[in-house]
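In: after the sequence you'll find the predicted model.
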Amino acid sequence: MKYSIDFIVLALLYAFVFFRKWKISGKDILLVNTLMYIYLSFVLYFTLMPVITSIPFVLNHPYKPMNLVPFIDVSAGRGDFLRQIILNVIMTIPFGFLFPLTQGRTAKFGKTVFFCFLMSAGIELLQPLINGFRSSDITDLITNVVGGIVGYGFYAIFKPITFWILDNLKNK
């Protein structure tokens, strides 16, 4: 039930704000922006949700400061660090691919990496605030940015094919 409220708000926001705006801009922009919206909704689901039902309790638990020692779990051999690293890289590959598409044909590598960093930093700083059981870690921030870089690499490789598909969609 907690998650449903967040998903209902995200669906209403899409239907009444973003869909109308993006539909006017064309099928290609609607497709790319909708894919990015769906992707970001899943990122929220896996990293921060439930958000809305957690708001009244934000100040009811101590804030755990971010771990600022990179890859400490790896060096200490704690937990399933390899799985966490792989999942953090995989989580932001779509961002690195989709973000440049939302920027048009003039997408820059630096801008994509910067916005991937901002998204990841936002998540890492909010996680312990929204949920007292979650923590933030510099390793997650680093591996998320690496995932964004890998995603941008896929964007660069598949850019001609991707824009050919989007151009054909625009012309229909």
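Out: Happy to help now that I have it.

In: Three-state assignment for the nearest residue to Y39 once chain neighbours are set aside, please.
Out: Among residues not flanking Y39 along the chain, P94 sits closest, at 4.9 Å (Cβ to Cβ, 6 or more residues apart in numbering). Glycine gets a C-beta too; all of them are placed from N, C-alpha and C. When classified by DSSP: H, G, I helix; E, B strand; the rest coil, P94 comes out as helix.

In: what is the one helix or strand in the chain whose mean pLDDT sits lowest packed up against?
Out: Least confident element among the helices and strands of the chain, by mean pLDDT, DSSP states H and E: helix 72-76 (a mean of 85). In terms of contacts (3 or more Cβ pairs under 8 Å, 6 or more residues apart in numbering; DSSP states H and E), helix 72-76 is packed against helix 81-102, helix 138-171.

In: check the offset of that helix from the chain's centre.
Out: With Cα atoms, centre = their mean, to the nearest Å as the basis, helix 72-76 stands 25 Å off its chain's centre.

In: can you give me the buried ones in that helix?
Out: Under the neighbour-count criterion of 16 or more other Cβ atoms under 10 Å, helix 72-76 has D73 buried.

In: could you do stretch 96-112 as well?
Out: The neighbour-count check on stretch 96-112 (16+ other Cβ under 10 Å) flags G96, F97, L98, F99, P100, L101, A107, T112 as buried.

In: compute the first-to-last residue distance for it.
Out: Length of stretch 96-112, first residue to last, Cα to Cα, to the nearest Å: 6 Å.

In: L12: which of the buried residues of stretch 96-112 is nearest?
Out: Among the buried residues of stretch 96-112, L98 lies closest to L12 (Cβ to Cβ), at 22.3 Å.

In: what is the burial count for the nearest residue to that closest one once chain neighbours are set aside?
Out: Using Cβ to Cβ, 6+ apart and skipping the chain neighbours, the partner closest in space to L98 is M36 (4.6 Å). Applying other Cβ atoms under 10 Å, we find 18 residues neighbouring M36.

In: rewinding a little: so among the buried residues of stretch 96-112, where is pLDDT lowest?
Out: Among these, A107 has the lowest pLDDT, at 85.

In: the residue nearest to that one when sequence neighbours are not counted and A156, how far apart?
Out: Computed as Cβ to Cβ, 6+ apart, the closest residue to A107 that is not its neighbour in sequence is P100, at 3.1 Å. For P100, the distance to A156 equals 8 Å [Cβ to Cβ, to the nearest Å].
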